[in-house]
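# Next comes the sequence, and after it the predicted model I'd like to discuss.
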Protein chains: 2
Amino acid sequence: MTIANDGTGKDHPLRIGVVLFPGSQALGAFGPLDVLNILSWSHNISISLLSVTLDPVSTRPPRKVTATGQSILPTHTFASAPPLDVLLIPGGLGTRSLAAPVEHAINFIRSNHVHPKYLITICTGTSLAARAGILDEKRATTNKMAWVETTALRPQVEWVPHARWMVDGNIWTSSGVSAGIDVTLAWVEEVFGVNVAEEIARGMEYEWCRDPTHDPFAEHWGLWPL
Amino acid sequence: MTIANDGTGKDHPLRIGVVLFPGSQALGAFGPLDVLNILSWSHNISISLLSVTLDPVSTRPPRKVTATGQSILPTHTFASAPPLDVLLIPGGLGTRSLAAPVEHAINFIRSNHVHPKYLITICTGTSLAARAGILDEKRATTNKMAWVETTALRPQVEWVPHARWMVDGNIWTSSGVSAGIDVTLAWVEEVFGVNVAEEIARGMEYEWCRDPTHDPFAEHWGLWPL
């Protein structure tokens, strides 16, 4: 598998990193992670969960103190992150925070030593990559309910309002929350082939949306037709 | 809300417990949890994550040592579980284990002091309730790929092979993995109303399967038509 060859001629596991921050949304992270976990049953991959510290990270949005959330254990800090072939950024209300953990995540995404072969962003996770400046002049999409405030954060991005997901070069961006499953399956299809992706979707009993232009939510929120 | 009234005339949060065990599947747990987390933004609920100890619980299937998994922190042990109005049991390869954590989970599900007003099982999580004996003579469904081995564990259950989810009294059982989102949304519709369920689905940008008899996976695996 060419993307997991580091140039020494020796294959290593495909190294996937997932950015966690307080208020990363449960399904936005664990939908794609379920796809990747099942992929690991047949392919040599590793998954790192990255955060500013090794403390548990809650899915509870920081500003909703009475909301429920679950605590996930990171495997690495941003400072100790291993080399990565794929960087995956989930979304969630936590992306809207201006607090230190999100700023650290953005700095990590922007940093020069992170140059994954693929970037996959889910929902408002796209906004972290956008604020890092790495989506400038790229075609990208994001959550449709939060469209106006998310896209305003970085007008330099070529925002595409009617898309379940978008691909621009090695950058894969998705619409809200559950669209993360669809974009991750599409990425698996691209890298590992359609049979692998179909088998994973079937194992999840998931009716995979395979049309990246299918977006009833853009229509619901009046983003399309314009 | 009547289901969260303990008879003292004083409402308490709707108390939801989720059973965790090694190899509980990521999407099977966090799909429903995402629905419930969003519900918590507008309704007074609590969610406990229950396991045999307070140690982190990995989604990695115990018998797949090279597989990837993520670690979740329980909030309570089975022994210290609070009173529950709803018990939710995710599935995953870990259900097939005969090891102590799964036996403890089954004992907890069977125990007399757990009598939630609603039971919701996802995927092969249904097998834990079945092995606990509490589905005997009930109409229930489960994962379609693992249908033969799962249903063989407890023939006393009235297994229904063609169903995205089933409701029998206060017991809600679902088909594989992602069907957990559909059954949880259907349960939210039943308890909180259709507008609340639709708003949650829209917030997740999830095209909710609202027909419990829609089951292309039963057809794929030759379980229907018989």
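In hand now; what should we look at? Numbers count the residues shown, from 1 in each chain, chains lettered A, B, ... in the order given.

# which is the next helix or strand following the helix or strand containing A:Ile16?
Remark: A:Ile16 resides in strand A:14-19, with elements defined by DSSP states H and E. If you walk from strand A:14-19 toward the C-terminus, the next helix or strand you reach (DSSP H and E) is helix A:26-39.

# Run through the strands of chain A in chain order.
Taking DSSP state E to define them, one finds strands in chain A at A:14-19, A:45-51, A:57-58, A:71-72, A:76-77, A:86-89, A:118-121, A:139-140, A:158-159, A:165-168, A:171-174.

# Make CSV from those strands and add mean pLDDT to it.
As requested, the strands of chain A are arranged in CSV below (pLDDT from 0 to 100):
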stretch, mean pLDDT
strand A:14-19, 96
strand A:45-51, 97
strand A:57-58, 97
strand A:71-72, 98
strand A:76-77, 98
strand A:86-89, 98
strand A:118-121, 98
strand A:139-140, 98
strand A:158-159, 98
strand A:165-168, 98
strand A:171-174, 98
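
# Which among those is found nearest to B:Ala201?
Distances from B:Ala201 to each of those were compared using C-beta to C-beta; the minimum, 16.8 Å, belongs to strand A:171-174. In short, each C-beta sits where N, CA and C put it, glycine included.

# Counting by contacts, list what that closest one packs against.
Here strand A:171-174 is seen to pack against strand A:118-121, helix A:125-131, strand A:165-168, helix A:179-192 when contacts are counted using 3 or more C-beta pairs under 8 Å, 6 or more residues apart in numbering or on different chains; DSSP states H and E.

# re the thing from before, between helix A:26-39 and the strand holding A:Ile16, find me the angle.
Taking axes from the mean of the first three to the mean of the last three C-alpha atoms, to 10 degrees, one finds strand A:14-19 and helix A:26-39 inclined to each other by 170 degrees.

# Report the helix or strand with the lowest average pLDDT across chain A.
Using mean pLDDT, DSSP states H and E, the weakest-scoring helix or strand in chain A turns out to be helix A:100-110, at a mean of 93.

# can you pull the buried residues of that one?
When burial is assessed from 16 or more other C-beta atoms under 10 Å in any protein chain shown, helix A:100-110 yields the following buried residues: A:Pro101, A:Val102, A:His104, A:Ala105, A:Ile106, A:Phe108, A:Ile109.

# circling back to that earlier point, mind putting the strands of chain A in TSV, mean neighbour count and distance to B:Phe192 included?
What follows is these, written out as TSV (neighbours: other C-beta atoms under 10 Å in any protein chain shown; distance: least, C-beta to C-beta, whole Å):
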stretch	mean neighbour count	distance to B:Phe192
strand A:14-19	24	31
strand A:45-51	22	32
strand A:57-58	23	24
strand A:71-72	21	26
strand A:76-77	14	39
strand A:86-89	27	31
strand A:118-121	26	31
strand A:139-140	21	35
strand A:158-159	18	34
strand A:165-168	21	31
strand A:171-174	27	28
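
# Out of the ones you listed, the one nearest B:Met145 is which?
Closest approach to B:Met145 among those is made by strand A:45-51 (21.7 Å; C-beta to C-beta).

# And the closest one, what does it pack against?
Contact partners of strand A:45-51 among helices and strands, from 3+ C-beta pairs under 8 Å, 6+ apart: strand A:14-19, helix A:26-39, strand A:76-77, helix A:100-110.

# quick revisit: need the strands of chain A in TSV (columns: distance to B:Trp187).
Converted to TSV, those look like this (distance: least, C-beta to C-beta, whole Å):
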stretch	distance to B:Trp187
strand A:14-19	29
strand A:45-51	30
strand A:57-58	24
strand A:71-72	24
strand A:76-77	37
strand A:86-89	30
strand A:118-121	31
strand A:139-140	35
strand A:158-159	36
strand A:165-168	29
strand A:171-174	27
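
# of all those, which lies closest to B:Val148?
Of all these, strand A:45-51 sits nearest to B:Val148, with 29.5 Å by C-beta to C-beta.

# got the CA positions of that closest one in CSV?
Provided in CSV are the C-alpha atoms of strand A:45-51 (Å, rounded to 0.1, in the frame of the first residue of the first chain):
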residue,chain,number,x,y,z
ILE,A,45,-3.5,0.6,10.5
SER,A,46,-2.8,2.4,13.8
ILE,A,47,-5.1,5.1,15.3
SER,A,48,-3.9,7.8,17.7
LEU,A,49,-6.2,10.0,19.6
LEU,A,50,-4.6,13.4,20.0
SER,A,51,-5.3,16.1,22.5
